[in-house]
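A predicted structure for the sequence below; I have some questions about it.
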Amino acid sequence: MSTDTLAREDASVSEDDSLKEIVSDTRQFVTFQTGNEVFAVDMGLVQEIIRVPEVVRVPLAPPTLEGLANLRGKVLPIISLRRLFNLERQENDDGTRVVVVDVGQACGFVVDRVSNVVGVEPGQIEAASSINGTVDAALLSGIIKDVGGHAMIMVLDFLKLIEREYSNLGVGSKKNAVADRDFALSGGQNEVAGDELQLVSFHVAGQEYAVTIDDVQEIVQVPDTIIHVPGAKAHVLGVMTQRSRLLPLVSLRRMFGLAEQALDEKSRIVVLVLGSESVGLAVDGVNEVLRVAKSDVNAMPALLEREGNLADISEICRLGDGKRLVSIISVRNLFNRSEIEEALGAAKGLERDEEAQTAEQEETMDEDEQVVVFRLDKEEFGVPIGSVEEIVRVPDELTRVPKAAANLEGVINLRGTVLPVLDLRPRLGMERVPRTDRQRIMVFMISGLRTGFIVDQVLEVLMIPKAAIEKSPQLSSEQGKLLSRMANLEKQKRIVQLLDPAHLVEGLELAQLAAAATEEVRDQAADS
């Protein structure tokens, strides 16, 4: 159900109400209820509103995730607001809806019911810090007063909510989402007054800098992989992949000659717009969105303006009675450099090479990927058929190994070889179940050690088109490593989570299993 349909059917918005949309300073909000509280979200961030779909549960994901749904061929994370707010669980009913919100990628949030679409005047909006309630005020971007028959409606900042609960999801904040963070400070107005500047501030080496929000495309986490560009200048870190394109990545520390510091989990990439191109700027961390009066902004003194990198700083913003100084960077000056143009050229060259390599691979590789599909509870998982050594029945009894690791169910003698056997359920955060005739042991070779895992049922060997295989949303570091891909079989209404057996046991756990198998071999030799 789209928001337009909601306005017509569920919200019963009158023609007079719809005329309010032409008023330039009136904002439209979708209001909804979760528990006893009424919330709102800016209508511009809402992609659509749907009934609760069938979901596939994801092992090792945060407990607030209901699962993944297939929405017109796209995988949609479905998140429970009740769980996020630690409210009592409640069965879905005819009124339950999923509000699909754009937080850099589409995410669905389960709410008890959608109430209305309302127009809100600036004077009806207050800062979130003025309330104390069951919801953390840090997750709110404002309070709406006396609208739609409610004395108070809390405006949720979905970007903050996602960043707090799903730091591994890696969602980027689009410009409208970043601007919404400053919603309370701006009094709910989207338009920047002529005598004000709207800035995104960040810090590098203890100093605060800012760029105008119009120059910011999005803010993302540091990627796992940065491609080195041969022959590039020192401050060009390389090239990163962002939304199926290659993006030059530069370090502001290096550009300004500041002390070197490795990028970490607090670092952020500010993606800046350069005409038709984009460049990623690595900073130590992002602070906030500022709305400042032009009277608090001074031009850089002419003497300093000519000195080296200070030409990149066009103005100085004075805040807090001059106690807080923010250097405003001119993006045009900052990137008016031949080496950045070289990085842009290198990125395009790498992109062309990557496209050519992909085309070549598509011509030479098979169109399908063959996987063995098995079931744990109600969910379907798959592993590459080449990784499966064999599949055997679970014996009536497994031989217990004294002082073995707690996750080891036991060992079996498989044609003269001692095979350690584990239950895959607890490895994926699921509860153990009693043994059944349908259960099987899937045998994998992991770092030279043959290891068996008990699954609920082996279903089939399936040929999956490569076009149906995509990256899984990274909901936790462990899940992102073990279940990094999924097969989205839209016509069959199936999502098969693809498991990488190489990550099932690693490090100390692998050494303990190898030791248990060796000890059992010794015991058998002694008995004989």
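Right, received. Where do you want to start?

ok, how many other residues are close to Asn36?
8 (other CB atoms under 10 Å). In this view, the C-beta of every residue, glycine as well, is placed from N, C-alpha and C.

ok, now Val458?
17.

work out for me the element it sits within.
strand 457-465 (DSSP states H and E).

buried stuff in that strand?
Within strand 457-465, the residues scored as buried using 16 or more other CB atoms under 10 Å are 458, 462, 464.

quick one: name whatever helix or strand follows it.
With DSSP H and E, the next secondary element past strand 457-465 is strand 469-471.

buried sites along the helix or strand that that following strand is followed by?
Towards the C-terminus, the helix or strand next in line after strand 469-471, according to DSSP H and E, is helix 477-482. Within helix 477-482, the residues scored as buried using 16+ other CB under 10 Å are 479-480, 482.

strand partners (parallel or antiparallel) of the strand holding Val458?
Strand pairing for strand 457-465, using DSSP bridges, gives strand 368-376 (antiparallel).

what lies in contact with the partner strand?
Strand 368-376 has contacts (CB atoms under 8 Å, 6 or more residues apart in numbering) with 59, 380-385, 388, 391, 424-425, 428, 430, 440, 442, 455-466, 469, 487, 496, 498.

rerun that using 7 Å as the cut-off
With CB atoms under 7 Å, 6 or more residues apart in numbering as the contact definition, strand 368-376 has outside contacts at 380-385, 388, 424-425, 428, 430, 442, 455-466, 469, 496, 498.

try stretch 82-90
Residues contacting stretch 82-90 (CB under 7 Å, 6+ apart): 34-35, 63-64, 134-135, 161, 165.

out of those residues, who's nearest Gly410?
Nearest to Gly410 out of the contacts of stretch 82-90 is Pro63 (CB to CB; 30.2 Å).

just the pLDDT at the closest one, thanks.
Looking at Pro63, its pLDDT reads 88.

sketch out the low-pLDDT regions of this structure for me.
Filtered on pLDDT under 70, the chain yields the residue ranges 1-25, 130-134, 167-194, 231-232, 243-244, 289, 300-311, 336-367, 403-406, 517-528.

quick one, domains of it?
The record's domain parsing of the chain by automatic domain parsing lists 3-167, 196-360, 368-527.

any idea how far the last one is from the middle of the chain?
Centroid separation for domain 368-527 versus its chain: 27 Å, with CA atoms, centre = their mean, to the nearest Å.

then stretch 279-286?
Taking mean C-alpha positions (CA atoms, centre = their mean), stretch 279-286 and its chain are 18 Å apart.

name the surrounding residues that touch it.
Contacts of stretch 279-286 (CB under 7 Å, 6+ apart): 200, 202-205, 219, 237, 240, 247-252, 263, 266-272, 335, 340.

ok, stretch 489-505 next?
56, 58, 68, 70, 73, 371, 373, 379-383, 387, 427, 444, 446, 451, 453, 468, 472, 481-488, 513.

just the buried subset of those residues, written out for ChimeraX, thanks.
Buried residues within the contacts of stretch 489-505, by 16+ other CB under 10 Å, are selected in ChimeraX with:
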select :56,58,68,70,371,373,379,380,381,382,383,387,427,444,446,451,453,468,472,482,483,486,487,488,513
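
return the subset of the contacts of stretch 489-505 lying in helices.
427, 481-482, 513 (DSSP state H).

and of the residues you listed, the nearest to Pro122?
Nearest to Pro122 out of these is Lys481 (CB to CB; 46.9 Å).

Val297 versus the closest one, what's the distance?
46 Å (CB to CB, to the nearest Å).

likewise for Gly119?
From Gly119 to Val297 the distance is 33 Å (CB to CB).

what do you get for Thr64?
42 Å.

also Phe453?
In terms of CB to CB, Phe453 sits 62 Å off from Val297.
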